[in-house]
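Q: whatever this is, show me its structure:
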Amino acid sequence: MITAAPEPRQPVPRPAPRWQRAWRDAVRDPRELLSSLGLDALAGRVSDEAAAQFPLRVPRGFVARMRHGDPHDPLLRQVLPLDDEMRPATGYGLDAVGDGAARTGTGVIQKYRGRALLVATGSCAINCRYCFRRHFPYSDETAAREGWREAVALIRADTGVEEVLLSGGDPLSLSNAKLAELTDALAEIPHLRRLRIHSRLPVVLPERIDDGLLAWLAGLPWPVTLVIHANHANEFDDSVDAALGRLRGAGVHLLNQAVLLRGVNDDVEALADLSERGFAAGVLPYYLHQLDRVAGAAHFEVDDARAKTLHAALAARLSGYLVPRLVREVAGDTGKRPL
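A: Numbers count the residues shown, from 1 in each chain. Sure, this is the predicted structure:
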């Protein structure tokens, strides 16, 4: 008797990494967010039009750091789409920092001597309402397109470029394999000396700092600086501390840049707490940005006179290495403009 051949075994699908599952599980409904915080009464201030233009997205781990029942919570204010966004404001536009004029290739921006910024992706784990690239044409302008070929060719041809910056969107939203695809190509360019990564993920989605990412970072041939983005001390918790500690263990230099935001961190106590809490987690304060005047964000602005007063008070209170530089990005300038 001839027995039938056994059916070929189907491969067992591998589960998605933990960080990708947390990414997909983000809160996307403003009213769900408010209900989870006991703030249903605030729903009347939500702008469905603003949410349609720039959707809410916030990881649940970040939501867990918001204060229940507090309509003025500084983390909530950064992500909740409000009617304020739809009010016209003079001097606010779609390209607040001149990205378009500084474009040298698909997803490649060169504003400053010796540096090339790659808009690696349009994806973010969190949509911050003050984002200066909230209107950026990501569908047409991502450097990762076609295996990074155009971006790498531009950098190879420009021997004055010594540092590559990965930005976005959030570059750490890309897979480890996609990131390695880029850095393997960049490693063949002899004039590159440094790699910088700008990412909010270690703060808003610390699960992203997994073994694969750390192995990629540890194997890179250049010094690596990772600039995180936290605006308030409450954005840090044990999970963020652990993620930042793992990054430091991989040899990564950690800096923080914050944005001065009305109703979030526009007082000396909040700014001092941010610097001290970040430093306790191994992060050195870097920049305190004045708001980029992007359409939809005018309600976050702090005027320059108050910003300078706050910065002077911060400098009088903290050790110098804990005081970030107060700056504004101005289209066409050769560097950040000190205030």
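
Q: roughly how far apart are L166 and S175?
A: For L166, the distance to S175 equals 14 Å [C-beta to C-beta, to the nearest Å]. Quick note: C-beta positions are derived from backbone N, CA and C, even for glycine.

Q: quick one: the helices in the stretch 51-200 of the chain?
A: Secondary structure of the stretch 51-200 of the chain (DSSP state H, counting those that start in this stretch): helices at 60-63, 74-79, 149-157, 176-186.

Q: need those helices in JSON lines (columns: distance to T106 and mean neighbour count).
A: Formatted as JSON lines, those follow (distance: least, C-beta to C-beta, whole Å; neighbours: other C-beta atoms under 10 Å):
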{"stretch": "helix 60-63", "distance to T106": "31", "mean neighbour count": "18"}
{"stretch": "helix 74-79", "distance to T106": "30", "mean neighbour count": "22"}
{"stretch": "helix 149-157", "distance to T106": "5", "mean neighbour count": "18"}
{"stretch": "helix 176-186", "distance to T106": "14", "mean neighbour count": "17"}
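
Q: I'd like those as CSV, with distance to V119 appended.
A: Rendered in CSV, the data for these read as follows (distance: least, C-beta to C-beta, whole Å):
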stretch, distance to V119
helix 60-63, 23
helix 74-79, 22
helix 149-157, 9
helix 176-186, 12
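
Q: indicate which one of those helices is closest to I197.
A: Nearest of the helices of the stretch 51-200 of the chain to I197, taken as C-beta to C-beta: helix 176-186 at 9.0 Å.

Q: how far off centre is that closest one?
A: The chain centre lies 20 Å from the centre of helix 176-186; the measure is C-alpha atoms, centre = their mean, to the nearest Å.

Q: now for it, which elements pack on it?
A: Packing partners of helix 176-186 (3 or more C-beta pairs under 8 Å, 6 or more residues apart in numbering; DSSP states H and E): helix 149-157, helix 211-218.

Q: hang on, W222 in a strand?
A: No. Checked against DSSP: H, G, I helix; E, B strand; the rest coil, W222 lies outside a strand; its state is coil.

Q: does it touch P190 like I think?
A: No. Counting by C-beta atoms under 8 Å, W222 sits too far from P190 to count as a contact (11.6 Å).

Q: follow-up on the earlier one: looking at L166 and S175 now, which is surrounded by more residues?
A: Shown here are L166 and S175; by other C-beta atoms under 10 Å, L166 has more neighbours (25 against 13).

Q: how about that one, what does it touch?
A: With contact set as C-beta atoms under 8 Å, 6 or more residues apart in numbering, L166 has these partners: L118, A120, L182, L195, R196, I197, H198, S199.

Q: try 10 Å
A: Counting by C-beta atoms under 10 Å, 6 or more residues apart in numbering, L166 touches 117-121, 143-144, 172, 174, 179, 182-183, 195-199, 226.

Q: and for M66?
A: With C-beta under 10 Å, 6+ apart, M66 has these contacts: 33, 36-37, 39, 58, 73-80, 234.
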